[in-house]
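J.: sequence unknown, structure follows:
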Ligand SMILES: C[S@@+](CC[C@H](N)C(=O)[O-])C[C@H]1O[C@@H](n2cnc3c(N)ncnc32)[C@H](O)[C@@H]1O
C-alpha cells in the first residue's frame, strides 16, 4: 500500500515539475541545468550546507596530513570538485588536482581557489570519476569525494579508479547523502522525490546504498559512520562520512 501511495505522490511531484519535464523532453533542460542552473544552485546552497555540516567536515578532514609523503607534502585528487566548497577544510601543504565532468563550474571554482591561497592547485581535468586515465596508478596520497557518488553513472567503476590512483596506504575521504533506512518515513519521501530530484539536480539519486559499494571495494581499512544531517523536511538527511585506506 505504501508503495502505491508513494507512486501516486511521485506523480503529483512530477506534475508540479511539469515545465522541467517539458524542457527535458525538448532537449533543453540538460544543457541549461549543466551550464546555468546547477553551478548557480550549488554555489548558493553549499554555503548553508557547509555551515550546517561544519563539525562533520572539520572532523572528516582533520587527519588528512597523516597520509602525506615523507617530505610533508600531500597530493590530493578531488572528484566532482564542483565549486570547490571543500578547499577551506584542507590543510596547507596540499597540492589539489580538481576534476569534474561539467566544465561550467570552472568560473566559480576559480573564485574558491582565489579565496583559499593556502593550497597549491594543479590542472583542472574535465572528466568523470569513472575515467581517471590521465592520473597514473598509485600516484596520489588522498582522493576526496563529497556529494558526488549519488550522481555518478557507475559507483563501482569510480571506486575502482580511486583504488587504482591511490598510493598503497593512501586514503579516500567521502561524505555522501544516501538511502535512508527502508522502514523510515525518510525513505518513503525519498521514493516520492526520486525521479524529479534526479531530473532537476543533474542525475542525483536519493536512494543509493553507497556504504555497501564502499564496503565491497578493495580497501584494506574503512572508517565509516552513518549520520543524520540537520536538513529537516528534505530527502537528504541520511548521510555517510568517513575514509577508507587502500
Ligand atoms: C552535488 S555536486 C557536489 C560538488 C562538490 N563535491 C561539493 O561537495 O560541493 C555533484 C558534483 O558531481 C559532479 N559529477 C557528476 N557526475 C560525475 C561523475 N561521473 N564523476 C565525477 N563527478 C561527477 C557534478 O558535475 C558536480 O560537480
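T.: Received it, and whenever you're ready, just let me know what you need. The structure presented is a predicted model; accordingly, all values stated were derived computationally and were not measured. Numbers count the residues shown, from 1 in each chain.
J.: what about residue 222, which SS state?
T.: Using DSSP: H, G, I helix; E, B strand; the rest coil, the three-state assignment for residue 222 comes out as strand.
J.: what about the helices in this structure?
T.: Counting by DSSP state H, the segments of the chain that form helices are 2-16, 18-25, 29-32, 38-52, 54-61, 106-115, 155-165, 185-200, 210-216.
J.: can you list the strands that the strand ranked longest in the chain pairs with?
T.: The single longest strand within the chain, with elements called by DSSP state E, is strand 166-177. Strands that pair with strand 166-177, judged by DSSP bridges, come out as strand 140-146 (parallel), strand 238-245 (antiparallel).
J.: in that strand, what counts as buried?
T.: Within strand 166-177, the residues scored as buried using 16 or more other CB atoms under 10 Å are 166-167, 170-177. Every residue, glycine included, has its C-beta placed from N, CA and C.
J.: contact residues of this protein facing the ligand?
T.: 42, 46, 79-82, 85, 100-102, 105, 128-130, 146-148, 151-153 (CB under 6 Å from any ligand atom).
J.: quick one: low-confidence parts of the protein?
T.: Across the chain, nothing is flagged by pLDDT under 70.
J.: once you drop chain neighbours, what's closest to residue 30?
T.: residue 24 (6.9 Å; CB to CB, 6 or more residues apart in numbering).
J.: show me the contacts for residue 69.
T.: Residue 69 sits next to 75, 141 when contact means CB atoms under 8 Å, 6 or more residues apart in numbering.
J.: again with the one 4 residues further on
T.: For residue 73, the set of contacting residues under the criterion of CB under 8 Å, 6+ apart consists of 93-95.
J.: how about a cut-off of 7 Å?
T.: 93, 95 (CB atoms under 7 Å, 6 or more residues apart in numbering).
J.: thinking again about what came up before, pretty sure the residue nearest to residue 30 sits against residue 200.
T.: No: judged on CB atoms under 7 Å, residue 24 makes no contact with residue 200 at a distance of 9.6 Å.
J.: and those two? Which one has more around it.
T.: The residue with more neighbours, out of residue 24 and residue 200 and counting by other CB atoms under 10 Å, is residue 200; that gives 19 against 16.
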